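Participant: predicted model and sequence below, questions to follow.
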Amino acid sequence: MNLNEKKYSQYALCREMLETADVVRNFDLSRISPFAEKVKGASRLFLTGEGSSRIFPAKRAIYENLRSGNNLSLHTDGSTQALEYNLNEVPVFGMSNSGRTKELVRLFKKLKSEDHNGGIYGITAFDKTPVTEITDRSFVLDCGSEDAVAATKSVAEQALFYHALLAEMNGEKLTGLKEAGDAVEKALTLEIDPAIIAKIASAGMIYFAGRNNGVAEELTLKTNEITRKKSDYLEGTYAAHGIEEVMNKEDILIVVDPFEDEEEKFRQCLADGVGMNIIAISSRQTSFDTVIIPDGGAFRNYVELAAGWSLLVETGIALGVDLDKPVRARKVGNEVAG
């Protein structure tokens with residue numbers, strides 16, 4: 001993406017994606033301390049929200065927490081399913097950009113009515129909303145409002161909230177935000193081989209595969225909003241465990257940071273067996289056509305997500321899609337009345 005070119009600059013979506021680099025560079029770590037102090041000593045956290053306000057922020061946090069060996073237990077599910085859970089003494093964090101997401105407000109009201117003793121915390125893009133008015137404490141994002149239907153820069157800041165919170169609960173502070181922002185910007189402005197975009201644009205179905213850290217799953221959701229094509233998320237090595245039976249050669253698989261040991265199996269099942277194209281997003285050259293991105297270190301998931309956004313924007317433009325105006329998708333999926 002390059003905002004000097006009208007084909008990108010005319011869309012709020014592209015402008016907001018490119019603002020993500022500064023959102024990362026300028027993230028204010030000092031605003032996290034009051035939340036970390038509140039939940040200090042907790043053994044469990046529950047992270048909820050709907051759609052993009054949960055998938056990447058919460059799953060990335062859980063994945064990285066497991067990688068770290070931290071004893072803290074993190075859980076996530078949508079707010080409606082969480083109505084069935086016993087969250088006694090568990091701090092509950094809920095994300096909603098609008099602050100008006102019906103499912104989250106309903107869960108928080110239930111917890112309030114039960115005198116929930118674990119703490120209720122909201123993360124929104126706006127103050128004085130149904131979410132901020134019901135929580136014990138709220139964090140209003142610094143990234144500003146988004147005009148495009150597809151949430152982008154807010155997703156990155158939401159993830160940074162959990163990222164910084166967990167670091168501080170572990171007695172650490174996030175470092176390297178400037179370098180992370182630089183890596184995100186580089187991923188967003190990559191020159192992508194037009195042949196790769198042509199393969200994606202001509203695909204009947206776009207599958208994403210990758211770790212259950214929210215990156216590939218979030219890109220699956222964004223595919224519908226940005227390219228208007230059907231998509232599906234295949235967690236881990238799911239792609240080699242039966243779904244090939246219904247795939248066809250017109251489909252495509254985009255693998256985020258493929259497991260090196262499984263590349264040959266994917267090739268056998270999907271490229272050789274089905275005849276479909278496979279594209280990888282990775283900091284290394286894989287055995288597939290690869291969009292090579294900066295490593296990103298502790299922020300690699302943000303860089304992978306940014307590179308995936310870039311792929312989708314190029315695909316949407318190639319297809320002549322109005323990137324800002326989906327036909328049916330709404331900015332607030334299910335808004336609380338009143």
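Facilitator: Cool, got the structure.
Participant: quick check: the most centrally placed residue in the chain vs I62, distance?
Facilitator: By CA atoms, centre = their mean, the mean C-alpha position of the chain lies nearest to F56, the distance being 3.0 Å. Distance, F56 to I62, by CB to CB, to the nearest Å: 11 Å. (C-beta placed from N, C-alpha, C; glycine too.)
Participant: got the domain boundaries for the chain?
Facilitator: The chain breaks down into these domains under the TED database: 11-176, 179-319.
Participant: what's the end-to-end length of the shortest one?
Facilitator: What that stands for is domain 179-319. Terminal residues of domain 179-319 are spaced 33 Å apart (CA to CA, to the nearest Å).
Participant: ditto for the first one
Facilitator: Domain 11-176 has its terminal residues 30 Å apart, counting by CA to CA.
Participant: how about K229, phi and psi?
Facilitator: phi -100, psi 160 (degrees, to the nearest 10).
Participant: repeat for the one 3 residues further on
Facilitator: Taking degrees, to the nearest 10, you get phi -150, psi 150 for the backbone angles of D232.
Participant: one more: A209?
Facilitator: Main-chain dihedrals, A209, degrees, to the nearest 10: phi -130, psi 150.
Participant: re the thing from before, would you agree the residue nearest to the centre of the chain is in contact with E157?
Facilitator: No. Checked against CB atoms under 8 Å, the pair F56 and E157 is beyond contact range at 11.0 Å.
Participant: just give me how far stretch 299-312 sits from the chain centre.
Facilitator: Centroid displacement of stretch 299-312 relative to its chain, using CA atoms, centre = their mean, to the nearest Å, is 9 Å.
Participant: correction: the previous question concerned stretch 254-268.
Facilitator: 21 Å.
Participant: list the buried residues in it.
Facilitator: For stretch 254-268, the neighbour count (16 or more other CB atoms under 10 Å) marks 254-258, 262-263, 266 as buried.
Participant: let me see the mean pLDDT of it.
Facilitator: For stretch 254-268, mean pLDDT is 96.
Participant: then it to CSV, C-alphas only?
Facilitator: Taking C-alpha atoms only, stretch 254-268 is exported to CSV below (Å, rounded to 0.1, in the frame of the first residue of the first chain):
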residue,chain,number,x,y,z
ILE,A,254,-2.8,-19.0,2.6
VAL,A,255,-0.6,-20.3,5.4
VAL,A,256,0.6,-17.9,8.1
ASP,A,257,4.1,-18.9,9.3
PRO,A,258,3.8,-22.6,8.3
PHE,A,259,5.2,-25.3,10.6
GLU,A,260,8.3,-26.3,8.7
ASP,A,261,7.9,-30.0,9.4
GLU,A,262,4.4,-30.0,7.9
GLU,A,263,5.1,-28.2,4.7
GLU,A,264,5.6,-31.4,2.8
LYS,A,265,2.3,-32.9,4.1
PHE,A,266,0.4,-29.8,3.0
ARG,A,267,2.1,-30.0,-0.4
GLN,A,268,1.1,-33.7,-0.8
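Participant: run through who's touching it.
Facilitator: The contact list for stretch 254-268, computed with CB atoms under 8 Å, 6 or more residues apart in numbering, reads 200, 206-211, 215-216, 219, 236-237, 239-240, 253, 278-283, 286-288, 300, 304, 308, 311.
Participant: narrow those residues to those in helices?
Facilitator: Cross-referencing the contacts of stretch 254-268 against helices under DSSP state H gives 200, 215-216, 219, 300, 304, 308, 311.
Participant: can you redo these as CSV with neighbour count and distance to E89?
Facilitator: Output for the ones in helices among the contacts of stretch 254-268, formatted as CSV (neighbours: other CB atoms under 10 Å; distance: CB to CB, whole Å):
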residue, neighbour count, distance to E89
I200, 23, 47
V215, 29, 31
A216, 28, 33
L219, 27, 35
R300, 20, 34
E304, 27, 35
G308, 25, 37
L311, 24, 43
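Participant: now the two most distant members of those.
Facilitator: Across those, no pair lies farther apart than I200 and R300, at 22.0 Å, counting by CB to CB.
Participant: for the chain, give me the ranges with low pLDDT.
Facilitator: Residues of the chain that meet the criterion pLDDT under 70 lie in 328-333, 338.
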